[in-house]
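[1] What follows is a predicted protein model with its sequence.
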Amino acid sequence: MKRIQLLGASGSIGTQVLEIVEEFPEQFSLQAVTAKSSVKTVLEILSRHDVEMVSMAEEHEETIKRAYPDIKFYALEKGGLETIAASEDEAVVLNALVGSVGLAPTLRAIERNKDVLLANKETLVVGGSLIREALKASESSLIPIDSEHAALRECLRGSDVEDVEKLVITASGGSFRDLDKKALENVTKEDALKHPNWVMGAKITIDSATMMNKVFEIIEAHYLFDMPYENIEAVLHKESVVHGLVQFKDGNVLAHMGPSDMRIPILAALQGAKRMSFPTLFDLTSVGTLHFEAIDGERYSLFDLGLAVAKQGGLHVVTLNAANEVAVRLFLEDKISFLEIETLIKRALDHFQNDNHLTLDKIVEHDQRVREYIRNIVSR
């Protein structure tokens with residue numbers, strides 16, 4: 001029985017993790033769950049699972065404890081995520097959080113030699129160098145859940161990274177992929193949230209539309225597979241049937257295909273070496289024609305900007321991520337336009353200096369400074 005500490009139980013990934021756990025009750029169980037404020041969701045989870053630990057905003061403690069007095073409750077404001085991740089229970093930590101908040105609990109879990117199943121790409125975006133160093137001193141494994149990285153992991157089974165010429169991840173192009181840059185001036189959040197291929201959370205759906213999500217995935221691949229940026233490529237693939245490709249030095253190319261179903265990479269991360277039975281509908285004859293094309297840097301200008309920042313590394317990447325998180329939130333709150341997301345990110349990058357000597361405290365402090373800077377610009 002694999003015990004799971006699910007960080008981010010109320011989000012899109014968390015919900016699908018619960019589906020997998022309930023599909024295989026003899027193989028998986030929930031040991032801990034976290035959510036910021038979705039009390040109803042957490043209570044429903046507790047009614048179906050024998051959960052031992054919960055972390056939520058402190059204001060919800062009384063409600064949870066009244067219904068389940070024996071539950072160990074840890075307030076998010078008092079380091080609840082880190083407390084659960086650092087607990088000495090022999091469980092895996094499944095990080096389905098949104099944003100850079102996922103970095104600290106991931107580090108704590110690795111320090112405790114616990115395996116981390118990672119759906120929170122921002123952990124590696126802002127703290128990839130710290131994670132890499134922590135893994136060297138740990139017995140932990142870091143297993144990706146993102147569909148693209150899970151696909152690359154499958155293609156690399158039994159192969160050495162030294163034999164790889166190039167990693168290729170695919171991009172759907174997002175909600176506005178058929179619009180030119182001029183047409184983006186008047187798009188709404190309702191338009192942006194209608195992803196043509198995937199059902200995802202709001203933040204990642206907007207990141208898909210700006211192509212910032214693909215920048216983050218390239219950074220994630222860089223750290224996950226220890227691959228130079230020059231050997232990682234993203235291509236536009238509107239069908240979202242091929243999720244990743246590996247080109248080997250001997251000319252062979254392996255591609256991973258499958259339906260747009262996040263439960264597949266979730267199960268792949270949970271199941272270990274032995275494949276479990278999970279029937280899905282994938283009819284190759286119904287796929288039809290597959291299309292691939294280069295990403296237009298002028299149309300998706302944040303993509304080129306993000307890659308340039310990624311190669312610089314250091315606090316500049318923290319600035320990029322924090323500014324993006326706040327700008328996306330402001331767009332979802334109807335406080336800025338879609339194109340202003342890019343404007344605010346550029347202003348933050350121009351305002352803050354880089355620093356390549358990172359620590360967790362420095363990252364957290366800088367992250368907050370960037371967030372305050374962006375909010376102050378918009379509130380003027």
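    Good, I have the coordinates. Because the structure is predicted, anything quoted here is derived from the model rather than measured.
[2] okay, CA-based contacts and neighbour counts for the rest of this
    Noted.
[3] mind listing what D180 touches?
    Contact analysis of D180 by Cα atoms under 8 Å, 6 or more residues apart in numbering lists R299.
[4] Apply 10 Å and report the result again.
    Contact criterion Cα atoms under 10 Å, 6 or more residues apart in numbering gives 298-300 as the residues in contact with D180.
[5] out of those, which are inside strands?
    Nothing among the contacts of D180 maps onto strands, per DSSP state E.
[6] how close does F248 get to C155?
    For F248, the distance to C155 (Cα to Cα, to the nearest Å) stands at 10 Å.
[7] which residues are common contacts for the two?
    Contacts common to F248 and C155, judged by Cα under 10 Å, 6+ apart, are 167, 254.
[8] top helix in this structure by residue count?
    Counting by DSSP state H, the longest helix found in the chain is helix 360-379.
[9] Please work out the average pLDDT along that helix.
    The average pLDDT within helix 360-379 is 96.
[10] can you check stretch 128-140 too?
    Stretch 128-140 comes out at a mean pLDDT of 96.
[11] tell me which residues in it are buried?
    Across stretch 128-140, burial judged by 16 or more other Cα atoms under 10 Å covers 128-132, 134-135, 140.
[12] Return the subset of these lying in helices.
    128-132, 134-135.
[13] from the residues you listed, which single one is nearest V241?
    Of all those, V241 sits closest to G128, with 28.2 Å by Cα to Cα.
[14] secondary structure element for the closest residue to that closest one other than its chain neighbours?
    Closest residue to G128 apart from its sequence neighbours, by Cα to Cα, 6 or more residues apart in numbering: Y223 at 6.0 Å. Element membership of Y223 [criterion: DSSP states H and E] is helix 212-224.
[15] Ok, Q247 next?
    Going by DSSP H and E, Q247 is in strand 242-248.
[16] so how far is that strand from its chain's centroid?
    Mean C-alpha position of strand 242-248 versus that of the full chain (Cα atoms, centre = their mean, to the nearest Å) differs by 19 Å.
[17] Provide the strand pairings for it, with the direction of each partner.
    strand 164-171 (antiparallel), strand 253-257 (antiparallel) (DSSP bridges).
[18] Among those, show me which one is buried the most.
    Among the strands paired with strand 242-248, ranked by average contacts under mean count of other Cα atoms under 10 Å, first place goes to strand 164-171 (a mean of 23).
[19] which other residues reach the helix or strand just after that one?
    Next helix or strand after strand 164-171 toward the C-terminus (DSSP H and E): helix 189-192. Under the contact criterion Cα under 10 Å, 6+ apart, helix 189-192 has outside partners 174-176, 202, 205-210, 328, 331-334, 337-338.
[20] go again using 8 Å as the cut-off
    When contacts are defined by Cα under 8 Å, 6+ apart, helix 189-192 is touched by residues 175-176, 205-206, 209, 331-332, 334, 338.
[21] Check stretch 13-21 too.
    6-9, 27-30, 96, 119, 200, 262-263, 266-267.
[22] For burial, what's the neighbour tally of E26?
    E26: 10 surrounding residues under other Cα atoms under 10 Å.
[23] can you pull out the helices in the stretch 201-350 of the chain?
    Secondary structure of the stretch 201-350 of the chain, counting by DSSP state H, counting those that start in this stretch: helices at 202-210, 212-224, 263-271, 284-287, 301-312, 315-332, 340-351.
[24] Let's verify P196: helix, strand, or coil?
    Three-state call for P196 (DSSP: H, G, I helix; E, B strand; the rest coil): coil.
[25] doesn't T123 make contact with P144?
    No: counting by Cα atoms under 8 Å, P144 sits too far from T123 to count as a contact (11.4 Å).
[26] Just confirm R299 contacts K181, I think it does.
    Yes: using Cα under 8 Å, R299 is in contact with K181, at 5.7 Å.
[27] Restricted to helices, list the contacts of stretch 13-21.
    Taking DSSP H as the definition of helices, the contacts of stretch 13-21 contribute 263, 266-267.
[28] between these, which is closest to T285?
    R263 (22.3 Å).
[29] Where does pLDDT dip in this protein?
    In the predicted model of the chain, residues 198-199, 380 satisfy pLDDT under 70.
[30] Can you give me the domain boundaries for it?
    Split into domains by automatic domain parsing, the chain comes to 2-144, 147-299, 313-380.
[31] Need the winner for burial among those.
    domain 2-144 (a mean of 20).
[32] how about the nearest residue to F225 once chain neighbours are set aside, what does it touch?
    Leaving aside its sequence neighbours, F225 sits nearest to V161 (Cα to Cα, 6+ apart; 7.1 Å). By Cα under 8 Å, 6+ apart, V161 lies in contact with 225-227.
[33] ok so, going back, using PDB, list the CA coordinates for the strand holding Q247.
    Coordinates of each C-alpha in strand 242-248 appear next as PDB, following Å, rounded to 0.1, in the frame of the first residue of the first chain:
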ATOM      1  CA  VAL A 242       2.100  13.500 -29.100                       C
ATOM      2  CA  HIS A 243       3.300  14.700 -25.700                       C
ATOM      3  CA  GLY A 244       7.000  14.400 -25.900                       C
ATOM      4  CA  LEU A 245       9.800  13.100 -28.100                       C
ATOM      5  CA  VAL A 246      13.400  12.000 -27.500                       C
ATOM      6  CA  GLN A 247      16.000  12.200 -30.300                       C
ATOM      7  CA  PHE A 248      19.000  10.000 -29.600                       C
END
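[34] For L193, give me phi and psi.
    The phi and psi values for L193, taken as degrees, to the nearest 10, are phi -80, psi 0.
[35] what are the ranges of the helices in the stretch 1-150 of the chain?
    12-23, 39-48, 61-67, 80-85, 103-111, 122-136, 147-155.
[36] Hey, what's the angle from the first one to helix 202-210? Just curious.
    Relative orientation of helix 12-23 and helix 202-210, computed by axes from the mean of the first three to the mean of the last three Cα atoms, to 10 degrees: 120 degrees.
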